[in-house]
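Asks: quick one: sequence plus predicted model below, questions after.
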Amino acid sequence: NIFGPQDTGIETANNVDGLEITDNEFVNTPSGISIGEGASDVTVEDNEFLKLSGEAPSLRPYATREEDLDLDVTDVLAENQFTTAAGVDAVDQGTHTEDSNINQAIYTSLTDAVDSADTGATIEVIEGTYEESVEITVEGLTIEGPNAGDDGDSGDRDDEATIKGTVEMDENTAIDGVEIVQDDGSQAVFINPNDPEEGDIEIRNSVIDLDGSDSFGIEYTTGVSGGLTVTDSLIQDGLTGVLISSSGDATVTSSTITGMEDTSDYPEGAAVKVAGEQAGNNALAVAGNTISANEHGVLLEDTDEGIAVDIDDNTFEIGDGSESYIALESSEDVTPISGGNVRTNNNFDTATTDIEDSEVSDTEFESLLVPVFGEGDTVQVGSEEELRQAVSDDPSERPVLAEGATIEITDDITLGEEDTDAINVAIPEV
């Protein structure tokens, strides 16, 4: 059977037993299948629910009123076909004015699913593209995509549930196994809870793709008592990966953050950044991550009240345009390097050095942990300008060169006496 937009699909009476709903097509049907109270032995398989582009954006393909039905939304999602679908395992009984006794439901819109969810519910989202911004404001809500439990940079991930927009998270909420794409210069994930004294926020096994834009991956503006945890995720190709401008604790662990580039008037381009005056009196742990090809790895600006930082067991890799692994703005209260042996407790793809009183992105920093090119390392130079930069006496402009490093000149360069003198003074043993 085919049910069109003018139809309500299939609605059963109460107390039906032994019902099979199979091999039907529902096209832009406002309410596809609705199972009444007291139902038992119900099968819903091999149906197709189509949401045509630009039409009927808010559909409810499936709902059940029977609390103890031996058929849950996970079964229905797995055994039928949907254009997009977000299944709610516990519907808030006060949400629906006309259908107040619905217990489980599937929606084509993620926003509708969130709006209907009860406290502590889980929303299961299938693969597909959800072009909407979502506010996750339900206490204890978890959104699970098809890659829940799989690392964000794993090659074994299935097709993604892709949210194109901003996901705003409240306290005691979690995201697991989705992809968020943001390219409009705002945030992929914005954390600004209503009650910061309660709960925590988790982002797990997810991909945040900023698509080469001036967008932030995660912006944490108001702290929650239990802190923010980002784990086993991939954040790539934007302005800043994780921006912390709150007084709440944050942990970034077992994740990959890559391709952050500063294109703003402020120091950005960091995998993880603590944003100065708004932050303070909090603890930051950056542990077990791969921080690769960013302008800065961890960028710590001055804070009003200080910050305790643990940077441990990360792998730092430089790329084109990289300036520092770790940068600290002048502050007596921001002491991650002196607070622990950061140099030996992390893995760097070249040696590292501390540079005092350096300038990075027009902000004064007390010290930097920057890459050093030494034995076996090559710095490629293709112009007189690049060569002068390579041997500049300003350490914020040049790579740090140590004994055994090689400068490879890739194009014809004419050197004057001033240039050769600079080379001899700056790097006599290179």
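Replies: In hand now; what should we look at?
Asks: quick one: residues contacting Met201.
Replies: That one is not Met; residue 201 is Ile. Applying C-beta atoms under 8 Å, 6 or more residues apart in numbering to Ile201 gives the contacts 169-174, 191, 193, 224, 226-229. Bear in mind the C-beta positions are built from the backbone N, C-alpha and C, glycine included.
Asks: check Asn294 too.
Replies: Counting by C-beta under 8 Å, 6+ apart, Asn294 makes contact with 241, 257-261, 269-271, 319, 322.
Asks: look up how far Glu11 lies from it.
Replies: 54 Å (C-beta to C-beta, to the nearest Å).
Asks: and for Asp320?
Replies: To Glu11, Asp320 is 60 Å away according to C-beta to C-beta.
Asks: tell me which of the two has more neighbours.
Replies: Counted by other C-beta atoms under 10 Å, Asp320 and Glu11 do not tie: Glu11 has more neighbours, with 12 against 7.
Asks: number of nearby residues for the closest residue to that one other than its chain neighbours?
Replies: Distance criterion C-beta to C-beta, 6 or more residues apart in numbering; nearest residue to Glu11, sequence neighbours excluded, is Ser34 at 4.3 Å. Using other C-beta under 10 Å, Ser34 has 18 other residues around it.
Asks: so Ser34 sits against Ala63, correct?
Replies: Yes - because the distance of 5.0 Å satisfies C-beta atoms under 8 Å, Ser34 is recorded as touching Ala63.
Asks: Val252 bridge partners, please.
Replies: Counting by DSSP bridges, Val252 is bridged to Val230, Val286.
Asks: how near is it to Glu384?
Replies: 41 Å.
Asks: which of these two has more neighbours?
Replies: The residue with more neighbours, out of Val252 and Glu384, is Val252; 28 against 16, by other C-beta under 10 Å.
Asks: shaky segments in the stretch 301-430 of the chain?
Replies: By pLDDT under 70, the low-scoring segments of the stretch 301-430 of the chain are 302-306, 329-341, 355-367, 391-399, 415, 417-430.
Asks: what sits up against the helix or strand harbouring the residue nearest to Glu11?
Replies: Here Ser34 is covered by strand 31-35, with elements defined by DSSP states H and E. If you take C-beta under 8 Å, 6+ apart as the criterion, strand 31-35 is touched by 3, 8-12, 16, 19, 21, 26, 42, 44, 47, 49, 59-66, 69, 71, 99.
Asks: if we use 7 Å, what do you get?
Replies: Contact partners of strand 31-35, identified using C-beta atoms under 7 Å, 6 or more residues apart in numbering, comprise 8-12, 21, 26, 42, 44, 49, 60-66, 69.
Asks: what's the answer for stretch 224-231, then?
Replies: With contact meaning C-beta under 7 Å, 6+ apart, stretch 224-231 is reached by 171, 191, 193, 196-204, 218, 220, 242, 248-255.
Asks: those residues in strands, which ones?
Replies: Secondary structure assignment by DSSP state E places 191, 201-204, 218, 220, 242, 250-253 of the contacts of stretch 224-231 in strands.
Asks: quick check, nearest of those residues to Thr410?
Replies: The shortest gap between Thr410 and any of those belongs to Val242, at 35.5 Å (C-beta to C-beta).
Asks: in the sheet, who's paired with the closest one?
Replies: Beta-bridge partners of Val242, counted by DSSP bridges, are Ile218, Val272.
Asks: picking up where we left off before, so among the contacts of stretch 224-231, which ones count as buried?
Replies: 171, 191, 193, 196, 199-204, 218, 220, 242, 248-255 (16 or more other C-beta atoms under 10 Å).
Asks: what's the spacing between the residue most central in space within the chain and Asp75?
Replies: For the chain, the residue nearest the mean C-alpha position is Ile208 (4.0 Å; C-alpha atoms, centre = their mean). As judged by C-beta to C-beta, Ile208 and Asp75 stand 30 Å apart.
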